[in-house]
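>>> fold the stuff below for me.
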Amino acid sequence: MRRRAVLVLGAGVAALAAGCGTDGPPLQGDISLVVPGSAGNLCDGFARELKAFIEGRKWARRVDIRSRQSDGGSGTPSVARFVAAGRRGDLMVADPALIAVAAMDRARPFAVGASPLARLAGQWEVLVTSPDSRFRTFDDFAAALLRDPSGPKVAGGAPGGADHLLYGLTAQGLGVDLRLLHYTSFGDCPQAVAAMLDGRASIGFGGHGEVARHIRAGRLRPLAVSSPERLAGVDAPTLVESGVRLVYANWFGLLGPGTLRDRERDALLDLCRAVDGSPSWRRACARNGWTPMCLAGDDFRQWLTNEAGRTKQVLGDLGLM
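Residues are numbered from 1 along each chain as shown. Purely as a prediction, here's the structure:
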């Protein structure tokens with residue numbers, strides 16, 4: 001089966017997993033973590049873990065969290081307001097879904113106005129199916145997709161989110177027409193798992209931290225992982241090993257408002273580097289099924305600009321733009 005050339009989403013494998021730690025940062029005042037989505041989503045979980053971590057070390061006077069319900073909006077409108085009028089203590093949590101929303105709304109909040117600070121962590125994705133699925137290996141799934149791109153019913157998160165983008169990139173790597181794919185979005189991982197188990201979906205993409213317990217319990221069977229190396233406790237090859245030369249992570253990062261002064265931005269960069277450099281933060285990441293993926297400052301800005309371009313192209317191929 002012929003597979004296409006290397007597709008690496010981001011600055012490369014080394015940059016996805018590299019650390020950027022330093023010693024303790026200057027004390028911050030009040031910090032507000034702005035989550036452009038509903039309470040309880042993955043970004044909200046990341047924000048709560050980061051809040052507890054920073055407050056526990058007294059690296060800021062106070063940290064609170066604002067979701068879109070209290071922020072008065074979601075997606076690109078929230079980012080636009082944040083860029084234009086965000087307070088200097090406001091930090092927006094960014095992820096692939098936020099980039100996708102901005103791209104679909106024809107906005108450019110990541111290249112214009114905002115102050116990209118750092119990508120801090122992320123989770124690798126796993127392609128999973130039910131234990132009695134006809135897809136025994138990734139090659140079985142790939143062959144079915146090549147025969148009929150609309151045949152496999154694939155479950156995942158929100159349209160344009162990390163799961164959907166990874167499916168598009170995987171199909172792209174196989175040479176499949178992305179406009180023909182059959183993808184169904186679900187509100188959360190348990191709903192997608194239920195769809196696979198009752199036959200509404202034949203396969204699904206999900207974050208390692210979300211599907212690992214279902215794999216351990218035997219409710220799901222993994223076919224491939226999106227990480228550069230195999231994941232402990234997941235008996236499945238990487239996409240690279242499977243012939244789709246793709247590495248992809250559902251990442252979490254922080255954006256500062258456009259009103260930041262240079263010294264304020266530098267202090268926040270020190271905070272991000274100190275978080276990444278802490279063994280306790282790495283243990284917190286492991287507990288949540290995340291991997292530290294620190295990329296800070298101008299390197300993160302450039303990576304984010306490139307990522308937005310890739311996202312826009314894939315969304316267009318998927319027919320979402």
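>>> would residue 145 count as being in a strand?
No: assessed by DSSP: H, G, I helix; E, B strand; the rest coil, residue 145 does not belong to a strand; its assignment is helix.
>>> was I right about it contacting residue 173?
No: look at residue 145 against residue 173 with Cβ atoms under 8 Å: they stay out of range, at 10.7 Å. (Glycine included, C-beta is placed from N, CA and C.)
>>> and the strands in the stretch 101-250 of the chain?
115-129, 153-156, 182-185, 203-207, 221-225, 246-247, 249-256 (DSSP state E, counting those that start in this stretch).
>>> where does the chain have low pLDDT?
Residues of the chain meeting the criterion pLDDT under 70: 1-23, 37-40, 68-86, 105-113.
>>> contacting residues around the residue most central in space within the chain?
Centre of the chain computed as the mean C-alpha position; nearest residue by Cα atoms, centre = their mean is residue 250, 2.0 Å away. Under the criterion of Cβ atoms under 8 Å, 6 or more residues apart in numbering, the neighbours of residue 250 are 42, 95-96, 122-125, 162-163, 207.
>>> between those, which sits nearest residue 277?
residue 122 (17.2 Å; Cβ to Cβ).
>>> can you give me the helices for the stretch 51-200 of the chain?
Remark: helices assigned in the stretch 51-200 of the chain by DSSP state H, counting those that start in this stretch are 68-71, 75-85, 96-104, 138-147, 162-174, 189-197.
>>> with distance to residue 313 added, can I get these in TSV?
Shown next, in TSV, are the helices of the stretch 51-200 of the chain (distance: least, Cβ to Cβ, whole Å):
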stretch	distance to residue 313
helix 68-71	27
helix 75-85	18
helix 96-104	9
helix 138-147	20
helix 162-174	9
helix 189-197	25
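>>> how far away is residue 282 from residue 46?
Between residue 282 and residue 46 the distance is 14 Å, computed by Cβ to Cβ, to the nearest Å.
>>> tell me which of the two has more neighbours.
residue 46 (25 against 18; other Cβ atoms under 10 Å).
>>> contacts only, for that one.
Contacts for residue 46 (Cβ under 8 Å, 6+ apart) come out as 93, 121, 252, 290.
>>> tell me the one among the residues you listed nearest to residue 129.
For those, the nearest to residue 129 is residue 290 (23.7 Å; Cβ to Cβ).
>>> the closest one and residue 124 touch, don't they?
No: between residue 290 and residue 124 there is no contact under Cβ under 8 Å: 9.0 Å.
>>> ok, the two, which is more surrounded?
Neighbour count, other Cβ under 10 Å: between residue 290 and residue 124, residue 290 has more, with 27 against 24.
>>> burial measure for the closest residue to that one other than its chain neighbours, as a count.
The spatially closest residue to residue 290, leaving aside those adjacent along the chain, is residue 121, at 4.4 Å (Cβ to Cβ, 6 or more residues apart in numbering). If you count neighbours by other Cβ under 10 Å, residue 121 ends up with 25.
>>> gap between residue 121 and residue 294?
Taken as Cβ to Cβ, the span from residue 121 to residue 294 is 8 Å.
>>> check which residues of the longest helix seen in the chain are buried.
For the chain, the helix with the greatest residue count under DSSP state H is helix 297-317. Neighbour-count burial for helix 297-317 flags 297, 299-301, 303-304, 307-308, 310-312, 314-315, 317 (criterion: 16 or more other Cβ atoms under 10 Å).
>>> ok, stretch 209-227 next?
By neighbour count on 16+ other Cβ under 10 Å, the buried set for stretch 209-227 is 209-212, 214-215, 219-227.
>>> please apply the same query to stretch 24-31.
25, 28, 31.
>>> just the terminal-to-terminal distance for it.
Stretch 24-31 has its terminal residues 17 Å apart, counting by Cα to Cα, to the nearest Å.
>>> what lies in contact with that stretch?
For stretch 24-31, contacts defined as Cβ under 8 Å, 6+ apart pick out 54, 57-64, 89-91, 267-268, 270-271, 273-274.
>>> care to break this protein down by domain?
17-122+250-317, 124-247 (automatic domain parsing).
>>> ends of the last one, what's the gap?
Its start and end residues considered, domain 124-247 measures 9 Å (Cα to Cα).
>>> so who does residue 248 touch?
Counting by Cβ under 8 Å, 6+ apart, residue 248 makes contact with 9-10, 124-125, 162, 165-166, 169, 226, 239.
>>> swap in 7 Å and give it another go.
9, 125, 166, 169, 226 (Cβ atoms under 7 Å, 6 or more residues apart in numbering).
>>> and of the residues you listed, the nearest to residue 244?
residue 169 (8.3 Å).
>>> mind checking how far that closest one is from residue 157?
Distance from residue 169 to residue 157, by Cβ to Cβ: 15 Å.
>>> likewise for residue 260?
31 Å.
>>> of the two, give the one with the bigger neighbour count.
For residue 260 versus residue 157, the count of surrounding residues by other Cβ under 10 Å is larger for residue 157: 26 against 18.
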